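Enquirer: Give me coordinates for this.
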Amino acid sequence: APLLREGLRLLDTPGVGSVHAHNTREAHEALPRADAALYVLSVDPPIGEEDVRFLESVQDQTKKIFFILNKKDYLPAAELEENRAFQEKTLREALPTEEVSVFPVSAQWALEGRRDSGLGELEKHLRDTLAREKGREILLRAARRASEAAQAVSSALELERSVYLGKRLEMERKAYGLSDAIDVLFMEGGLAKKRMEAGFAGYAQSVRAAARTFCRRRSGTLARKIVRAAAGSAHVSAAELRERLERFARAELRSSWEEFVGEKETWLAHGFEKIRFDYESRMEQLLGNVWSAAESLVGRFPAPPPVPAVSAACRVPSVPSNPLGLTDKSVRAWKASPRRGEAFLRRRLAAVLSSAAGEWEGFLRSREAQLRALADEFGRQSRRAHELADRAVKAALRRQADTEAAAVRRENDLRSALHAAVALREEIASFRRSLEAAG
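Expert: Residues are numbered from 1 along each chain as shown. I've put the predicted structure just below:
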């Protein structure tokens, strides 16, 4: 082909999107060595997501991309133009900085020698474009050679400056990482607190429901026990029976509450501990991320203070000394009408149990206050971490800026000295030529 005889070299790379990852990798590696790339599309199927991802990733690796739409012989002219316009639009959206032109061709028609295969138009466009690029390359090459001398003199200092710039970029990356960790701390910390509050609300509702159920079931059981204990006490005085029943009721109530707490203690402690542990471990993880990011930036960072301890233990509710509130008169009335006495006992025991169950509200308020104190402490630690991180970032930026400014000043001094030496050398050479001409 004429283009090949004029010095054009074509390198055929493996296709992208292959099941073999090394095919796409070889295509990536070949692009930086090329002056231009020919990317072959097809009308069937049209451009896909794999093509778009590949082109987006390599658009900075090559100077120019020519897009060839093969198999134009598959479609009528109107459908071909519609297909070409669609693919060109997709390419422009994916490569906004690239000048996109799609050239329909038919390899089959070219093999048959048909002039309308599209290869002639493509070859002419390639020739014109590459000719312009070749002239531009000659100018660029001349400019590069002109600057090589000055660049060689200051290469050592440029290397030093690049090191400083690299350190600055690394420092900025760490600073941004610390800033991101702070943002995540406040955002995720707020969500963790809401989850803790919602979890405790459900926990408190379950505790109240369990206490109500216990009181409702146990009041009737205790009333029947007391009635049985009073049976056969006709010969006992009202005062002695009252004291006996109050003592019996007090022991039974305390035993019942101890049984309830014993059954529920593990459940109560585990439920509360899970709420606390989930919140505390999440906050410690978020603060740990901040501390890690800060230490990578400044080397050392003040450790946070320990969080307050939280207790999930519960105690048996108190029982009054005279839980039934009996009097000698009420005992005599009860002995006269045992059925009415049992109904009275049910009501009185239900009231006593409900009053004791109300102590669970104090238990819940105490646990809620502990969680609130825990959240307040983590809030203080978060604000303190934000303050310290902000100071650390500003100090690191100032130190790096001062170091870089000093490096730039040294470089400028060297360049000024170099320019002055070159100018002096030219003046001496000119003066010598003048002397030789005069002599």
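Enquirer: C-alpha only now, for contacts and for neighbours.
Expert: Noted.
Enquirer: The helix or strand that E284 is a member of - contacts with which helices or strands?
Expert: Assigned by DSSP states H and E, E284 falls within helix 238-298. Secondary-structure packing of helix 238-298 (3 or more Cα pairs under 8 Å, 6 or more residues apart in numbering; DSSP states H and E): helix 155-230, helix 328-336, helix 359-438.
Enquirer: what residues does the helix or strand that the second one is followed by touch?
Expert: Of the helices and strands lying after helix 328-336 in sequence (DSSP H and E), the nearest is helix 338-357. Contacts with helix 338-357, where a contact means Cα atoms under 8 Å, 6 or more residues apart in numbering, come from 211-212, 215-216, 219-220, 222-224, 227, 317-319, 323-324, 333-335.
Enquirer: Compute the distance from the centre of helix 338-357 to the centre of its chain.
Expert: Distance of helix 338-357 from the chain centroid (Cα atoms, centre = their mean, to the nearest Å) equals 58 Å.
Enquirer: Stretch 56-64 now?
Expert: That offset, for stretch 56-64, works out to 30 Å (Cα atoms, centre = their mean).
Enquirer: try stretch 184-195
Expert: Per Cα atoms, centre = their mean, the centroid offset for stretch 184-195 relative to its chain is 12 Å.
Enquirer: Give me the contact list for it.
Expert: In contact with stretch 184-195 (Cα under 8 Å, 6+ apart) are residues Y279, R282, M283, L286, L287, V290, A375, S382.
Enquirer: Stretch 242-258 too?
Expert: So stretch 242-258 is contacted by 218, 222, 226, 229-230, 316-328, 331 (Cα under 8 Å, 6+ apart).
Enquirer: Recalculate using a threshold of 6 Å.
Expert: N322 (Cα atoms under 6 Å, 6 or more residues apart in numbering).
Enquirer: Kindly report the same for stretch 91-101.
Expert: In contact with stretch 91-101 (Cα under 6 Å, 6+ apart) are no residues whatsoever.
Enquirer: Using CSV, write down the CA coordinates of that stretch.
Expert: Output of stretch 91-101 as CSV, limited to C-alpha atoms (Å, rounded to 0.1, in the frame of the first residue of the first chain):
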residue,chain,number,x,y,z
LEU,A,91,-18.1,8.2,21.2
ARG,A,92,-18.4,11.9,21.6
GLU,A,93,-20.2,11.5,25.0
ALA,A,94,-17.5,9.0,26.2
LEU,A,95,-14.6,11.1,24.8
PRO,A,96,-15.5,14.8,25.1
THR,A,97,-12.0,16.0,24.5
GLU,A,98,-11.4,13.8,21.4
GLU,A,99,-12.2,14.9,17.8
VAL,A,100,-14.5,12.0,16.8
SER,A,101,-15.1,11.0,13.1
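Enquirer: Give me the distance from that stretch to the chain's centre.
Expert: 32 Å.
Enquirer: Pull out the buried residues from that stretch.
Expert: Within stretch 91-101, the residues scored as buried using 16 or more other Cα atoms under 10 Å are L91, A94, L95, V100, S101.
Enquirer: Next up, phi/psi of the last one, please.
Expert: It refers to S101. phi -140, psi 130 (degrees, to the nearest 10).
Enquirer: I'd like the numbering to begin with 38 instead of 1 from here.
Expert: Done: numbering now begins at 38, and the last item shifts to S138.
Enquirer: That one and H307, how far apart?
Expert: 68 Å (Cα to Cα, to the nearest Å).
Enquirer: shaky segments in the stretch 88-237 of the chain?
Expert: 97, 100, 134-135, 167-198, 200-201 (pLDDT under 70).
Enquirer: switch to 80 and redo it
Expert: 88-101, 132-136, 163-205, 208-209 (pLDDT under 80).
Enquirer: before we move on, the earlier item: if any of the contacts of stretch 221-232 are buried, put those into a PyMOL selection.
Expert: Selection of the buried residues among the contacts of stretch 221-232 in PyMOL, burial being defined by 16+ other Cα under 10 Å:
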select buried, resi 316+319+320+323+324+327+412+419
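Enquirer: and the contacts of stretch 221-232 as TSV, adding pLDDT?
Expert: TSV is the format used below for the contacts of stretch 221-232 (pLDDT from 0 to 100):
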residue	pLDDT
Y316	89
R319	90
M320	87
L323	88
L324	86
V327	85
A412	88
S419	87
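Enquirer: okay, A429: pLDDT?
Expert: On the pLDDT scale, A429 is placed at 78.
Enquirer: and it, how many residues sit next to it?
Expert: 19 (other Cα atoms under 10 Å).
Enquirer: try F140
Expert: Neighbourhood size, F140 [other Cα under 10 Å]: 20.
Enquirer: gap between the residue nearest the centre of the chain and R291?
Expert: In the chain, the residue lying closest to the centroid (Cα atoms, centre = their mean) is V221, at 6.9 Å. Going from V221 to R291 by Cα to Cα gives 50 Å.
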